[in-house]
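K.L.:
Mind looking at a prediction? Sequence and model below.
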Amino acid sequence: MKLFVQIGDREYPLEIIEEKGQRKVLLDGEPFGIDYREADSLGQVIVMHAGRSYGLSIEGDPQRAHVTLAGYSYALTMEDERERAASLAAKEALGGGGPLEATMPGIVVEVLVQEGDRVQAGQPLLILEAMKMQNEIVASGDGVVDRIAVRAGETVPSGHVLIVLRGPEAE
């Protein structure tokens, strides 16, 4: 199974292969020696890599998760090959635009743009505070702010639409 895991601005293509009851993980096509065991049914996991073990806490669902490791929190989004193809087709149909969603529950601290503003890929659009950390939500591509669906001070759940962009050619 191929997965595309997004952590912040970086994407990691993973492939998980099951052979003879063993699980192999490939990261960018290269073997990645990792093993894991569930510590409990509450999302606590023990990961072993390069002779060391790590305790992780995982919350979320198969598409969006929030992982805590050694006091650091990471928001992950994951897509398999089918989901990737569907989301790329949807973005193309929207001219590169589309909705930007909260990857974790949080509070909107500040909205940095207004409807109608032209934005560039990577440009900060708003600040979302989650688990006592402020996260910049950035434009996924060049476009125009079509709709702002939140306001400063608003609490949003994971998956909530924050801002909708339309591609620059959709004007």
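P.N.:
Right, received. Where do you want to start? Numbering: from 1, shown residues only.

K.L.:
Going by C-alpha atoms from here, please, whenever you check contacts or count neighbours.
P.N.:
OK.

K.L.:
what's the following helix or strand after the one helix or strand Glu11 maps to?
P.N.:
Element membership for Glu11, per DSSP states H and E: strand 10-19. Sequence-wise, the next helix or strand downstream of strand 10-19 (DSSP H and E) is strand 22-27.

K.L.:
hmm, which helix or strand of the protein has the shakiest average pLDDT?
P.N.:
helix 81-93 (a mean of 69; mean pLDDT, DSSP states H and E).

K.L.:
Quick check: mean pLDDT of stretch 103-116?
P.N.:
The average pLDDT for stretch 103-116 rounds to 91.

K.L.:
hmm, who's touching it?
P.N.:
With contact meaning CA atoms under 8 Å, 6 or more residues apart in numbering, stretch 103-116 is reached by 64-66, 75-77, 124-131, 144-148, 150-159.

K.L.:
Report the separation between Arg37 and Met48.
P.N.:
As judged by CA to CA, to the nearest Å, Arg37 and Met48 stand 9 Å apart.

K.L.:
With neighbour numbers in mind, choose between these two.
P.N.:
Neighbour totals were compared for Arg37 and Met48, and Met48 leads with 15 against 11 (other CA atoms under 10 Å).

K.L.:
Who is the more buried one paired with across the strands?
P.N.:
Asp35, Ser53 (DSSP bridges).

K.L.:
That one and Phe32 touch, don't they?
P.N.:
No - in this structure, Met48 is not within contact of Phe32 by CA atoms under 8 Å, at 11.1 Å.

K.L.:
got the contact list for the helix or strand hosting Pro99?
P.N.:
For Pro99, the host element (DSSP H and E) is strand 98-101. With contact meaning CA under 8 Å, 6+ apart, strand 98-101 is reached by 91, 139-140, 158-167.

K.L.:
Chain neighbours aside, what residue packs nearest to the residue most central in space within the chain?
P.N.:
Geometric centre of the chain, nearest residue: Thr77, 3.2 Å, by CA atoms, centre = their mean. Using CA to CA, 6 or more residues apart in numbering and skipping residues adjacent in sequence, the residue nearest Thr77 is Arg64, 4.5 Å away.
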